[in-house]
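Engineer: coords please:
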Amino acid sequence: MFHKILIANRGEIACRVASTARRLGIRTVAVYSDADQNAKHVAACDEAVHIGGSAPKDSYLRWERIIEAAQATGAQAVHPGYGFLSENEAFATACAEAGLVFIGPPASAIQAMGLKAESKQLMERAGVPLVPGYHGSDQDPALLRSEANRIGYPVLIKASAGGGGKGMRAVEKAEDFDAALASCQREARNSFGDQAVLVEKYVQRPRHIEIQVFGDTQGNYVSLFERDCSVQRRHQKVLEEAPAPGMTAQMRREMGEAAVSAARAVKYVGAGTVEFIVEQREGAMSFYFMEMNTRLQVEHPVTEAITGLDLVEWQLRVAAGEPLPKKQDELAIMGHAIEARICAENPDNNFLPTTGTLRVYRKPPCIAFQRGSVRIDDGVREGDEVSPFYDSMIAKLIVHGATREEALSRLDQALAQTHIVGLSTNVQFLRYVVRSRSFAQADLDTALIPREKAVLFDQEPVGLEFAAAAAVAKTLLDERQAEDADPFSRRDGWRSHGVGTRRFEFDFRGEHRKSELAYLRDGTLAFAVDAAPAPLAFREAGGPIDLQLGGRRETVWVYTQSETDFVFAPGGATQIVSVDLLAHAGEAGHDTGRLTAPMPGKVLSFAVKAGDKVSKGQPLAVMEAMKMEHTIAAPQDGTVAELLFAPGDQVAEGAELLKLN
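Structural biologist: Here you go, the predicted model:
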């Protein structure tokens, strides 16, 4: 076994690998960029080496610097994690040439499976069923358009060297093909340095089911069963679970054998995932090979939960030349596990990534039950900044139960205990998905989110009255702590006779609302927001607030940032802004002619020029941030007065991109 390894990655996967290495007595070396100087993964390792600037191309993709760091620190092997260089055959080759063990498959396997088109040709020769499509090397746009017409719409354009949903577009009709192709190629070129694409039939009501495989240097292979990753947004996974609901023993065996055959065909070594599209027709399911990811997957913890194995330990042992720890007949499924990806993004704004500081980051307790567990994998701490340079994922929340129903209940409870303040996240959205009819009943396919959009977006789980009452209770509790006990200097409404009142005003979900708090003669409180007063009572319970408004009583957590109160209740979370009437008096109206960057990033292109007339909703510019493209659309009809940046310019959040009259 190795005595020291370098982890060529960042964030939660670097922390995850370091944790297993520490348990095995293996020393670890972290690498970090300018932006990650104080990151959690740096502290998680025994040593750390700075390798360059904040952008991945200046640091985590500079494999020559990573190899130099490994050699300088005496590391024997390099663990690539996932993303970045994990599926780069040149990096795997360079490691070998430098005398370092690459903790992953041989470069030949990465090369064989790294390009979607070539891997599908390989699988076709091996007899693995494929989705109808074009996987050729001729990338002439006219030919690609012709192939799409031959296949029949809708089609899916996918970056041949891609992954993670990048460089992928579904095209519903022929007139949209050229624009979608150009966008795919541009995103593929920027993300992978290769703009080649393939075109496939877009399977209706598909499920995304993948098989975890492992191989060793002695030629042994096993399947560690399946994961269902059908719940996706923007072609990226949101929730993953194992085993796949509705999977029959026969289909599990057939998919496992196909996945192992794929691995055997390229003499695979280490952890890999064979991904399949599963078509659902009249109660039957058929599977088609999609791609093989030649690395450890983000969702590997659900496989660990149902098998009781540590897949990173398996990677290390296999890379050190040991045989697989178990044979196929020694593996079994125990219970059910679900993973939720917690991301810095705004689901109500087309999942636009967000950046900012984790002012509050409170996690559910990570505990092991007799029949289940709650686990958090993350690479951040309270006070850390989520920057625009890397992926938007903050953490992975993994739960396990004896049954799927038990795991679902445990996941919802753990999400309710996850409190993040400082930037928008998808935590509340994940709770909506978990509680949706489709997910609860395992009616799964990749269109689940749009199908359930009525209950997933623009919801309010707490309500105005209760949110306002929570904000008032937090204000009064803070005042009690800050003021002395002299009743004539307190602001609690005490009067020697009569009834005292106090007015509060709030901005809530885009509306301005007024409320009134009454201090009654018997010492109790009454609170009203544009309605009849209701009895209000509260007390602090060691952090949370025990709050009662009328007949509703709940334990809530309230965190205050500037004028905003973030309220976390059992049913969900919301925020409400306290309005200082003096500070906001005479405030000017909003400027409706500004088009600003929703986040820090790079301007890729403008679709208009000065003097052009545009219509509401028309695309105006394309930005790139957090590894994804984002289109800026016109908020209303108008005329472009001026472009304020050029393609390639880096812009700050809130920077005005163009003027619209």
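Engineer: So residue 560 sits against residue 477, correct?
Structural biologist: No. Shown here, residue 560 and residue 477 do not form a contact pair, counting by CB atoms under 8 Å, at 10.6 Å. Yep, even glycine has a C-beta here, placed from its N, CA and C like the rest.
Engineer: Just say helix, strand or coil for residue 224.
Structural biologist: strand (DSSP: H, G, I helix; E, B strand; the rest coil).
Engineer: Tell me what the spatially closest residue to it that is not a sequence neighbour is bridged to.
Structural biologist: Counting by CB to CB, 6 or more residues apart in numbering, the nearest residue to residue 224 once its immediate chain neighbours are dropped is residue 212, at 4.1 Å. For residue 212, the beta-bridge partners under DSSP bridges are residue 273.
Engineer: mind listing the strands for the stretch 351-500 of the chain?
Structural biologist: Using DSSP state E, counting those that start in this stretch, the strands of the stretch 351-500 of the chain run over residues 352-353, 356-357, 360-362, 373-378, 385-386, 393-401, 419-421, 500-508.
Engineer: Then the stretch 1-150 of the chain?
Structural biologist: In the stretch 1-150 of the chain, the strands defined using DSSP E, counting those that start in this stretch lie at 4-7, 27-33, 47-52, 77-79, 101-102, 133-134.
Engineer: circling back to that earlier point, can you name the residues that contact the residue nearest to residue 224?
Structural biologist: Under the criterion of CB atoms under 8 Å, 6 or more residues apart in numbering, the neighbours of residue 212 are 223, 224, 225, 226, 227, 271, 272, 273, 297, 300, 303, 311.
Engineer: who touches the fifth one in this structure?
Structural biologist: Just to be clear, that refers to residue 227. The neighbours of residue 227, taking CB under 8 Å, 6+ apart as the test, are 209, 210, 212, 240, 241, 242, 243, 244, 297, 299, 302, 303.
Engineer: how about the longest helix anywhere in the chain: buried residues?
Structural biologist: The single longest helix within the chain, with elements called by DSSP state H, is helix 464-482. By 16 or more other CB atoms under 10 Å, the buried positions in helix 464-482 come out as 464-476.
Engineer: Then stretch 128-139?
Structural biologist: Within stretch 128-139, the residues that count as buried by 16+ other CB under 10 Å are 128, 131, 133, 134, 135.
Engineer: do stretch 605-624 as well
Structural biologist: Using 16+ other CB under 10 Å as the test for burial, stretch 605-624 gives 605, 606, 608, 614, 620, 621, 622, 623, 624.
Engineer: coming back round to it: want to try TSV for the buried residues of helix 464-482, with distance to residue 118 as columns?
Structural biologist: Shown next, in TSV, are these (distance: CB to CB, whole Å):
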residue	distance to residue 118
464	57
465	60
466	57
467	55
468	60
469	61
470	57
471	58
472	63
473	62
474	59
475	63
476	66
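Engineer: on that earlier part again, which one of the buried residues of stretch 605-624 is nearest residue 421?
Structural biologist: Among these, residue 623 lies closest to residue 421 (CB to CB), at 25.9 Å.
Engineer: Now do the phi/psi pair for that closest one.
Structural biologist: Torsion angles at residue 623 (phi, psi; degrees, to the nearest 10) stand at phi -110, psi 160.
Engineer: and the nearest residue to residue 397 once chain neighbours are set aside, what helix or strand is that in?
Structural biologist: Using CB to CB, 6+ apart and skipping the chain neighbours, the partner closest in space to residue 397 is residue 340 (4.6 Å). Element membership for residue 340 (DSSP states H and E) is strand 336-343.
Engineer: partners of that strand, with directions?
Structural biologist: strand 236-242 (antiparallel), strand 393-401 (antiparallel).
Engineer: Export these as a markdown table, with columns for mean pLDDT and mean neighbour count.
Structural biologist: Shown next, in a markdown table, are the strands paired with strand 336-343 (pLDDT from 0 to 100; neighbours: other CB atoms under 10 Å):
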| stretch | mean pLDDT | mean neighbour count |
| --- | --- | --- |
| strand 236-242 | 96 | 25 |
| strand 393-401 | 97 | 25 |
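Engineer: Make a markdown table from these and add distance to residue 656 to it.
Structural biologist: Below are the strands paired with strand 336-343 laid out as a markdown table (distance: least, CB to CB, whole Å):
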| stretch | distance to residue 656 |
| --- | --- |
| strand 236-242 | 30 |
| strand 393-401 | 29 |
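Engineer: Ok, which of the ones you listed comes nearest residue 51?
Structural biologist: Nearest of those to residue 51, taken as CB to CB: strand 393-401 at 21.3 Å.
Engineer: Tell me which stretches of the stretch 1-150 of the chain form helices.
Structural biologist: Assigned by DSSP state H, counting those that start in this stretch, the stretch 1-150 of the chain shows helices spanning 11-23, 40-44, 63-73, 89-97, 107-114, 116-125, 141-151.
Engineer: Confidence-wise, which of these is weakest overall?
Structural biologist: When mean pLDDT is averaged over each of those, helix 116-125 scores lowest at a mean of 79.
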